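**Q** need coordinates for the below:
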Amino acid sequence: MTQPGVLSTDARDAAIAAMTGAAGEPELDVLVVGGGVVGAGVALDAVTRGLAVGLLEQRDLASGTSSRSSKLIHGGLRYLEMMDFALVREALAERGLLLTRLAPHLVRPVPFLYPLTHPIWERGYVGSGLLLYDGMALAGPLLHGQGGMGLPRHRHLTRTAVARIAPDFRTDTITGAIQYYDAQVDDARLVLTIARTAARHGAHLATRIRVTGFLREGERVVGVTARDLEHGTDHEIRAKTVVNAAGVWTDEIQEMVGGRGALHVQASKGIHLVVPRDRIRSESGFIVRTEKSVLFVIPWGRHWIIGTTDTPWSYDLAHPAASRADIEYVLDHVNAILREPLGHEDVEGVYAGLRPLLSGESEPTSKISREHTVVTPVPGLVMIAGGKLTTYRVMARDAVDAAAHSLRTTTDLFLQESITDRVRLLGAEGYETRSNQRVLLARRCGLHVARIDHLLHRYGGLIDELLALIGSRRALAEPLEGADDYLAAEVVYAVTHEGARHLDDVLARRTRISIETFDRGVSAAPGVARLMAAELGWSPARTQEEIDHYLRRVEAERLSQQMLTDAEADQVRLKVADIV
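**A** Model (predicted):
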C-alpha cells in the first residue's frame, strides 16, 4: 500500500493497475492527458470534487512548457496597456491566492524596476497603470475572503534612488523609475506539488505513458489506448470523460480523434538566459520594453534569469532549441541597460520553452492572447488550450466544468463546485510554523540555517520528511559534488517521493542544476546517478547509460546554441533522442 501523495515506482505501478481496471477500481470519471501545470490542475480540481481521476504524461511531469517559463506568477502588466482588464484582474486574484493561501512556500514576492525615459507624462501614465494594477490586486483577495494582496505597493524613484538600488543599471538615459512587485515560483516544482496534492486526494498519476489513440463507442470518446514507454506494454484505459491538456501537442491530439477540430494552437518559442547574480549588482529585477515585447531581468537565488523572446516555432515540440541568434538578441537587449555588458562567457544556462497560444493563422505570436479556451469537439472529450502559468487553477476549473455535461449524460453523479481556491498545496500546511522554527531546526539537524531556508522554500512543511531522511542516513546531509546548492537527500527524495525516474528528471526539473551551473550539471551527473541507482536498483551498466545520455543531451544543446537559425538548431538538438 503506497502512501497517498507519494509518487514512487510502486505508486506508478499501482496507478496504472487502477486506471486499467487490473486492481478492481471502478472506471474513471475523468482521464487527463498531459502532466503540465494545466493537466495537474485539472486532476486536482476533479478529484477534490469527488470524481475518480487518472492522469497520463508521455514524459516527465512539467517536462514541456511548464518547466521552461519565466517563472513568474504575475498579473501581466503589459496586458493593461492592451485594455485586457479581465485577464489582468483574474491573474492578480490567482497571484494573491498562491502567495497567501495555496502555496506560500513556493511563491514569493519579487521586486521590479520599471525605468522611465520621459519626464512628467510617462511617470503619470505608468504610475496610473500601476495604481490600477495594485488596486486590482487588492480587490482579488477580498473576493476570496482574504485580507491584503500579499505584496508591497509600487513606489516612485528618482534617478539617484535607482542608482542606489541597481548600481549596474545605466541611469544616463532614464529620468527615474517605478518599483513594483510581482511574484515568482519554481515552475516545475509548482507542477510537481499540484500533481502530488492531486495524488494525496486520490488521483492516479503515471508518467512515461504515451496516448496512442482514442477508444470510441459510436461518436463518443470512452477512453484511450496508451503505451507504457518504460516497459513497452500497451493498455486500454476507459473513462467517462477525457480532458486533453497537452498544450502545444493539442493539434496532434485533435488529429488522433479525427481532424484538426475546434482549436488551433500555435507554438511560440521563448528563450531565457541564466547568469550569476554577481554579474549584475542590483537589489531589484528590471522590466524593460523592447520593440516586440518586454525584457525581464529576474532575481533567481544566486542567479539572474533574463528573457524572453517570442517567435513562432514549427519544429520539434519536445525539445525546442535556442539558437545563437536568440541568445544574442537577449544579450543585446540586456546590455543596452547595463553599465558592464554581459558576454556569452557569462551565461551559465540557457533554456527554451514553447507557449501554447490560441491563434488565427496570420497573427504574430507576440500579439496573440494568453486567454484560454475550452471546447468539446466530440462527446466525451474536453480540450483546453491557451492561458498562462498564473491562471492554471481557473483553466482547470473551467475544463472540469465543461466535463460536467458529459458526466451528467453517463452517470447520476452530482458534480460539486470547484473548491481548489481553498485546497492548500502539499507543503503549505506547517510552512509558517517551520519557518518560525528555522533556527531550532538547524540546531537539531546540524545544518546551516541557510540550508534550512533552502529546504523550506522548496518543500515547505514537508521539510520534516527531508530532515527525517537525513536523520536516518547522515551522509545525505552532504552537498552534491558539482552542485553544492543542493543536498544528496533531495536526490533520494526526488526518487522516493517525487516520481523522478531518470537522471534528466532530477537535474533539469526536481532541481535546476542543468541551468544553474556553468557545466550544465555534467560534473554533478555521476554522483546524482549513483544516488538514484541505489533507490531504483539500476545496474552499473544502466547507471552509466543514464550518465552518458545526459552528457550527450548537454553537448547537443550546447551545439544547437551555436547555430544561427531555428532549423539548424533543431537539427542538432534532435541528434539525441529521449532515453525512453
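**Q** flag the helix or strand of the protein with the lowest per-element mean pLDDT.
**A** Lowest mean confidence among the helices and strands of the chain (mean pLDDT, DSSP states H and E): helix 77-81, at a mean of 82.
**Q** after that one, next one along is what?
**A** Following helix 77-81 in sequence order, the next helix or strand is helix 85-97 (DSSP states H and E).
**Q** so Ala500 versus Thr543, what's the distance?
**A** Applying CB to CB, to the nearest Å, one obtains 14 Å for the distance of Ala500 from Thr543. C-beta coordinates here come from the backbone N, C-alpha and C atoms, glycine included.
**Q** quick one, which of those two is more surrounded?
**A** Per other CB atoms under 10 Å, whichever of Ala500 and Thr543 has more neighbours is Ala500, with 29 against 18.
**Q** tell me who's in contact with that one.
**A** The contact partners of Ala500, by CB atoms under 8 Å, 6 or more residues apart in numbering, come to Asp60, Ala494, Val506, Arg509, Arg510, Met532.
**Q** let me know the closest of the residues you listed to Leu317.
**A** Leu317 lies nearest to Asp60 out of those, by CB to CB, at 14.9 Å.
**Q** give me the nearest residue to the closest one, chain neighbours excluded.
**A** Among residues not flanking Asp60 along the chain, Asp505 sits closest, at 4.8 Å (CB to CB, 6 or more residues apart in numbering).
**Q** now Met563
**A** Nearest residue to Met563 in three dimensions, chain neighbours excluded: Ala569, at 4.1 Å (CB to CB, 6+ apart).
**Q** next, count neighbours for that neighbour.
**A** Look at Ala569: counted by other CB under 10 Å, it has 26 neighbours.
**Q** ok, it touching Ser560?
**A** Yes - counting by CB atoms under 8 Å, Ala569 touches Ser560, with 4.2 Å between them.
**Q** what do these two both touch?
**A** Residues touching both Ala569 and Ser560 (CB under 8 Å, 6+ apart): Ala321, Ala322, Ser323.
**Q** mind telling me what element Leu273 is part of?
**A** Going by DSSP H and E, Leu273 is in strand 265-276.
**Q** ok, Arg542 next?
**A** Counting by DSSP H and E, the element that carries Arg542 is helix 540-560.
**Q** following that helix, which helix or strand shows up next?
**A** helix 566-573.
**Q** so for that next one, what's the average pLDDT?
**A** Mean per-residue pLDDT for helix 566-573: 97.
**Q** other SSEs contacting it?
**A** Packing partners of helix 566-573 (3 or more CB pairs under 8 Å, 6 or more residues apart in numbering; DSSP states H and E): helix 540-560.
**Q** got the angle for the helix it packs on vs helix 566-573?
**A** For helix 540-560 against helix 566-573, the angle by axes from the mean of the first three to the mean of the last three CA atoms, to 10 degrees is 160 degrees.
**Q** report the mean per-residue pLDDT for helix 540-560.
**A** Averaged across helix 540-560, the pLDDT comes to 98.
**Q** show me the contact partners of that helix.
**A** Contacts to helix 540-560, defined as CB under 8 Å, 6+ apart, come from residues 321-323, 350, 502-504, 507, 514, 519-522, 525-526, 529-530, 532-533, 538, 568-570, 572-576, 579.
**Q** quick one, which of the residues you listed are buried?
**A** 321-323, 350, 502-504, 507, 514, 520-522, 525-526, 529, 532-533, 538, 568-570, 572-573, 576, 579 (16 or more other CB atoms under 10 Å).
**Q** out of these, list just those in helices.
**A** Mapping these onto helices (DSSP state H) picks out 503-504, 514, 525-526, 529, 532-533, 568-570, 572-573.
**Q** closest one to Ala14 out of those residues, please.
**A** Taking CB to CB as the measure, Ala14 sits nearest to Met532 out of those, at 20.7 Å.
**Q** so that closest one sits against Leu503, correct?
**A** Yes - counting by CB under 8 Å, Met532 does reach Leu503; the two are 6.6 Å apart.
**Q** list the helices and strands whichever strand or helix holds Val330 packs on?
**A** Using DSSP H and E, Val330 sits within helix 324-335. When contacts are defined as 3+ CB pairs under 8 Å, 6+ apart, helix 324-335 packs onto strand 265-276, strand 294-300, strand 303-307.
**Q** does His156 really touch Gly124, like I thought?
**A** No - with contact defined as CB under 8 Å, His156 does not count as touching Gly124 (10.3 Å).
**Q** tell me which of these two has more neighbours.
**A** Set His156 next to Gly124 and count neighbours by other CB under 10 Å: His156 wins out with 14 against 9.
**Q** remind me, longest helix of the chain?
**A** The longest helix of the chain (DSSP H) is helix 121-143.
**Q** that one: which residues count as buried?
**A** Buried, per 16+ other CB under 10 Å, within helix 121-143: 122-123, 126-127, 129-130, 133-134, 136-138, 140-141.
**Q** related to what we said a few turns ago, CA atoms of the strand holding Leu273 as PDB?
**A** C-alpha atoms of strand 265-276 as PDB (Å, rounded to 0.1, in the frame of the first residue of the first chain):
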ATOM      1  CA  VAL A 265      -2.600  26.200 -31.100                       C
ATOM      2  CA  GLN A 266       0.500  28.000 -32.400                       C
ATOM      3  CA  ALA A 267       3.800  27.300 -30.600                       C
ATOM      4  CA  SER A 268       5.700  30.400 -29.700                       C
ATOM      5  CA  LYS A 269       9.300  30.000 -28.500                       C
ATOM      6  CA  GLY A 270      10.600  31.900 -25.600                       C
ATOM      7  CA  ILE A 271      14.300  31.600 -24.500                       C
ATOM      8  CA  HIS A 272      15.900  32.600 -21.200                       C
ATOM      9  CA  LEU A 273      19.500  33.000 -20.100                       C
ATOM     10  CA  VAL A 274      20.800  32.300 -16.600                       C
ATOM     11  CA  VAL A 275      23.800  34.300 -15.400                       C
ATOM     12  CA  PRO A 276      25.500  34.500 -11.900                       C
END
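**Q** gap between the closest residue to Thr212 other than its chain neighbours and Gly213?
**A** Using CB to CB, 6+ apart and skipping the chain neighbours, the partner closest in space to Thr212 is Thr225 (5.0 Å). The spacing between Thr225 and Gly213, counted by CB to CB, is 4 Å.
**Q** ok, Ser284 next?
**A** Distance, Ser284 to Gly213, by CB to CB: 51 Å.
**Q** kindly report the same for Gly430.
**A** 44 Å.
**Q** do the same with Leu77
**A** Distance, Leu77 to Gly213, using CB to CB: 43 Å.
**Q** looking at these two, which has the bigger crowd around it?
**A** Remark: of Leu77 and Gly213, Leu77 carries more neighbours, 19 against 13, as counted by other CB under 10 Å.
**Q** let me know the pLDDT of the closest residue to the more buried one other than its chain neighbours.
**A** Leaving aside its sequence neighbours, Leu77 sits nearest to Tyr133 (CB to CB, 6+ apart; 6.1 Å). At Tyr133, the predicted lDDT confidence score is 91.
**Q** again, but for the one 4 residues further on
**A** According to the per-residue confidence, Ala137 scores 89 in pLDDT.
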